[in-house]
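J.: can you look at this prediction? I've put the sequence above it.
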Amino acid sequence: MNSPLTLPAICRSARAHVALAAIATIAAIVILPQAAPLYTLINVTLYLSMGVFALSLALLWGYGGILCFGQSAFFGLGAYAYAIAAINFGDTTLAAAMAMLVPAIFAAGLGYFLFYGRLNDVYLGVITLTVTLILFKLINSTGGDAWRIGTARLGGFNGIPNTPLLTLPFSRVPLTPAQMFSLAAIALFGVYTFSKGLLATRFGRAVIAVRENEMRAELLGYNARRLKLSIFVISAAIAGLAGLLFANSVFVSPTMFSLSMAAQVLIWVVVGGLGTLFGPVAACFALQMGTTALGKLGIVDPNIVLGVVLIVFVVFVPGGIQPALANLLARLSASRSPAGDGVAREVTR
Amino acid sequence: MSGNLLEAQGVAMHFGGVKALDGIDFTLKKGELRCLIGPNGAGKTTFFRCLTGTHKPTHGRILFRGEDIAGRERHEIARAGMGVKTQVPSLFDGLSVHENLWLALRTVRSSRDRETKIDEVMERVGIGALRHGILGRMAHGQRQLVELAMVVASDPELVLLDEPAAGMTDGEVERLASIIRDLNRSHTVVVVEHDMQFIRMIADFVTVFHQGRILVEGPVGEVLANPVVRDVYLGKKHAA
């Protein structure tokens, strides 16, 4: 029997998970555009973009051990970078690359001071939250005509409603909602597969080692600060990609930097399970659908419900959905398989 | 240029007004097995922390293979060839023994070589039965052995062991002594320890720390019979 985190075990489990995700993605791409009305399709595209956003923090916090309270800063920067570049360049291919590049560069600069300054977790959380709120205030105050980058007006509180829709590479024809949905589904699958693969590499394991014990990792020769900075930058680029998808589902606005956006993604990761990838995406979908439905009913403020859900999970299901389900399944199969404990732990890590 | 693997020259470490180390001059030849002893607060662990980059010495130079490493980053010193087992075992508690050893083999690229090496080290340290155990759930003595195994796996030129026998059963201590002697055939080893019986089992040469300074150095029998050392350890009344 292999240890849960041995490379072959990780690869086997990763391959199975990726295969399942691939089947789900293909099925969704084939069935949903035919079966669902346009409104639902656009909504699901929005959920998929949020799923990518959830993965960005699931990777950073769950595996890198870095609690970034301002993940929305990279989400918003990605969307704004895309919108501004697309308006200026008149083409969305390069703009799409900018959506990942700009947050990554911003994260590299911010992360350098955070990690090389040896700031601990609490300060890191506070500083990243402050950064996103500063960006929120800054973008909100760009309402005048003078606030423009090239030909793109920043639009202040209203954001950039005329964000150009993605086109096929170097073409002028914008993607249809069905194509946009397919792209978002492929992006979510791609980021999930990339994250799984990354965690199985030497780099990914070293990142987990730093999460577990930074001093021991360094005493073994791992450059903890560089590893933390690297995963921070990767996560920011993924959040930027989520921002790009979001910008193409709704439009770019300062609320992407807001406190509620910063808090939502944390809630998805906590509810889904810290140290898992599938859980935060599932929690994101479920909570997004739940809050949308509640919003329609208008009985109770969805934010209050989100807060209650968070408290319930922290108190009663502290490991989150995915580990709880995995442990339940492991207990059920324990009588048949002596490896039950190992299976449970693999998922909870 | 001397043939010393490690040379500390006037190393001082001050914490505010407290002089944890007060001008340590220490040399270590390649292939040696040296024990550092001294009462609590003598500065042994602080000296180790200066060597491994956890503390940046207030004064002095630390030459490792002829290069000054004082104040360098921990990972740079580790990559230069220094491995340490800390006083309180510092491990990846959420991971298994196998995973801890996997991570210790940072420089081994091939996964087959890594697995072979893990099996070899587990056998050498006698922790094969703990292979899939999670470190956070293990007894102190077992954790000590796993940390030692990690240091052995990482194959540093200089091995620093801070109180490796603490919390071990008699059987584990005997096994540990044999592992350290075996390790010394291929590595230079420095051991901080309080257990005199254990020191007699492994050491030929001993350095005594006291109040941040080196009190005396010499062969183990001679040093342990030294009345000044007995006085420092046991107090004047008992030493008399």
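T.: The structure has been received and is ready for your questions. Predicted model, so just to flag it, every value in this text is computed and none were measured.
J.: residues of chain B that sit close to chain A?
T.: For chain B, the residues in contact with chain A (C-beta under 8 Å from any C-beta of the partner chain) are B:52-54, B:73-75, B:78-79, B:83-84, B:86, B:90-96, B:98-99, B:102-104, B:106-107, B:111, B:131-132, B:134, B:150, B:154. In short, each C-beta sits where N, CA and C put it, glycine included.
J.: which of those are buried?
T.: Buried positions within those, assessed by neighbour count (16 or more other C-beta atoms under 10 Å in any protein chain shown), are B:52-54, B:74-75, B:78-79, B:83-84, B:86, B:90-96, B:98-99, B:102-104, B:106, B:131-132, B:134, B:150, B:154.
J.: which of these fall within strands?
T.: Using DSSP state E, B:Gly83, B:Val84 are the members of those that sit in strands.
J.: what's around residue 31, how many residues?
T.: All of this is about chain A. Other residues within reach of A:Ile31 by the criterion other C-beta atoms under 10 Å in any protein chain shown amount to 10.
J.: can you look at chain B instead?
T.: Number of residues near B:Gly31 (other C-beta under 10 Å) recorded here: 12.
J.: got the phi and psi for it?
T.: phi 90, psi 0 (degrees, to the nearest 10).
J.: what's near enough to touch it?
T.: B:Asn184, B:Thr188 (C-beta atoms under 8 Å, 6 or more residues apart in numbering or on different chains).
J.: do B:Gln211 as well
T.: By C-beta under 8 Å, 6+ apart, B:Gln211 lies in contact with B:Asp22, B:Gly41, B:Ala42, B:Gly43.
J.: in chain B, where is pLDDT below threshold?
T.: Within chain B, the ranges that satisfy pLDDT under 70 run B:1-2, B:234-240.
J.: can you give me the strands in it?
T.: Taking DSSP E as the criterion, chain B carries its strands at B:4-15, B:18-29, B:33-37, B:59-64, B:67-68, B:82-85, B:158-162, B:188-192, B:205-210, B:213-219.
J.: what's the answer for the stretch 151-300 of chain A, then?
T.: With DSSP state E, counting those that start in this stretch as the criterion, the stretch 151-300 of chain A has strands at A:152-153.
J.: the residue nearest to the spatial centre of chain B and chain A, how far apart?
T.: In chain B, the C-alpha nearest the mean C-alpha coordinate belongs to B:Leu161, at 1.8 Å (C-alpha atoms, centre = their mean). Using C-beta to the nearest C-beta, to the nearest Å, one obtains 13 Å as the distance from B:Leu161 to chain A.
J.: that residue contacts B:Glu147, doesn't it?
T.: No. Between B:Leu161 and B:Glu147 there is no contact under C-beta atoms under 8 Å: 9.1 Å.
J.: overlap in contacts, the two.
T.: With contacts defined as C-beta under 8 Å, 6+ apart, the residues adjacent to both B:Leu161 and B:Glu147 are B:Lys85.
J.: domains for chain B, by residue range?
T.: With domains defined by automatic domain parsing, chain B comprises B:4-81+B:156-239, B:90-151.
J.: sorry, back to before: could you give the bridge partners of the residue nearest to the centre of chain B?
T.: When bridges are called by DSSP bridges, B:Leu161 pairs up with B:Lys85, B:Val191.
J.: which residues does it contact?
T.: The contact partners of B:Leu161, taken as C-beta under 8 Å, 6+ apart, are B:Val84, B:Lys85, B:Leu148, B:Val151, B:Ile180, B:Val189, B:Val190, B:Val191, B:Val192.
J.: contacting residues for the second one?
T.: Taking C-beta under 8 Å, 6+ apart as the definition of contact, the neighbours of B:Lys85 are B:Gln144, B:Glu147, B:Leu148, B:Met150, B:Val151, B:Val159, B:Leu160, B:Leu161, B:Asp162, B:Pro164.
J.: for the contacts of B:Leu161, which one is nearest B:Leu28?
T.: Of all these, B:Leu28 sits closest to B:Val190, with 6.6 Å by C-beta to C-beta.
J.: I'd say that closest one and B:Arg34 touch.
T.: Yes. Under the contact definition of C-beta under 8 Å, B:Val190 touches B:Arg34, with a separation of 4.9 Å.
J.: overlap in contacts of those two?
T.: Looking at what touches both B:Val190 and B:Arg34 (by C-beta under 8 Å, 6+ apart), the common residues are B:Leu28.
J.: same drill for those two, tell me which one is more crowded.
T.: B:Val190 (25 against 21).
J.: how far away is the more buried one from A:Leu274?
T.: If you measure B:Val190 against A:Leu274 using C-beta to C-beta, to the nearest Å, the figure is 40 Å.
J.: do A:Gly320 as well
T.: Distance, A:Gly320 to A:Leu274, by C-beta to C-beta: 6 Å.
J.: neighbour count winner among these two?
T.: Taking neighbours as other C-beta under 10 Å, A:Gly320 and A:Leu274 compare with A:Gly320 leading, 25 against 22.
J.: distance of the closest residue to that one other than its chain neighbours relative to chain B?
T.: Using C-beta to C-beta, 6 or more residues apart in numbering or on different chains and skipping the chain neighbours, the partner closest in space to A:Gly320 is A:Gly273 (2.8 Å). Shown here: A:Gly273 relative to chain B, a distance of 14 Å by C-beta to the nearest C-beta.
J.: coming back round to it: can you redo the contacts of B:Gln211 as CSV with neighbour count?
T.: Converted to CSV, the contacts of B:Gln211 look like this (neighbours: other C-beta atoms under 10 Å in any protein chain shown):
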residue, neighbour count
B:Asp22, 17
B:Gly41, 14
B:Ala42, 24
B:Gly43, 24
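J.: pick the one among the residues you listed closest to B:Arg61.
T.: Using C-beta to C-beta, the shortest approach to B:Arg61 within those belongs to B:Asp22, at 15.5 Å.
J.: quick one: contacts for the closest one?
T.: Applying C-beta under 8 Å, 6+ apart to B:Asp22 gives the contacts B:Ala12, B:Gly43, B:Gln211, B:Gly212, B:Arg213.
J.: what residues are up against the nearest residue to it once chain neighbours are set aside?
T.: Computed as C-beta to C-beta, 6+ apart, the closest residue to B:Asp22 that is not its neighbour in sequence is B:Gly212, at 3.9 Å. Under the criterion of C-beta under 8 Å, 6+ apart, the neighbours of B:Gly212 are B:Ala12, B:Met13, B:Lys19, B:Ala20, B:Leu21, B:Asp22, B:Ile24, B:Ala42, B:Gly43, B:Thr46.
J.: in contact with the last one: list those residues for me.
T.: When you say that, I think you mean B:Thr46. With contact taken as C-beta under 8 Å, 6+ apart, B:Thr46 is in contact with B:Met13, B:Ala20, B:Leu21, B:His55, B:Gly212.
J.: can you pick the most crowded of those residues?
T.: B:Leu21 (29 neighbours).
J.: show me what contacts that residue?
T.: The contact partners of B:Leu21, taken as C-beta under 8 Å, 6+ apart, are B:Val11, B:Ala12, B:Met13, B:Gly43, B:Thr46, B:Phe47, B:Cys50, B:Pro57, B:Gly212.
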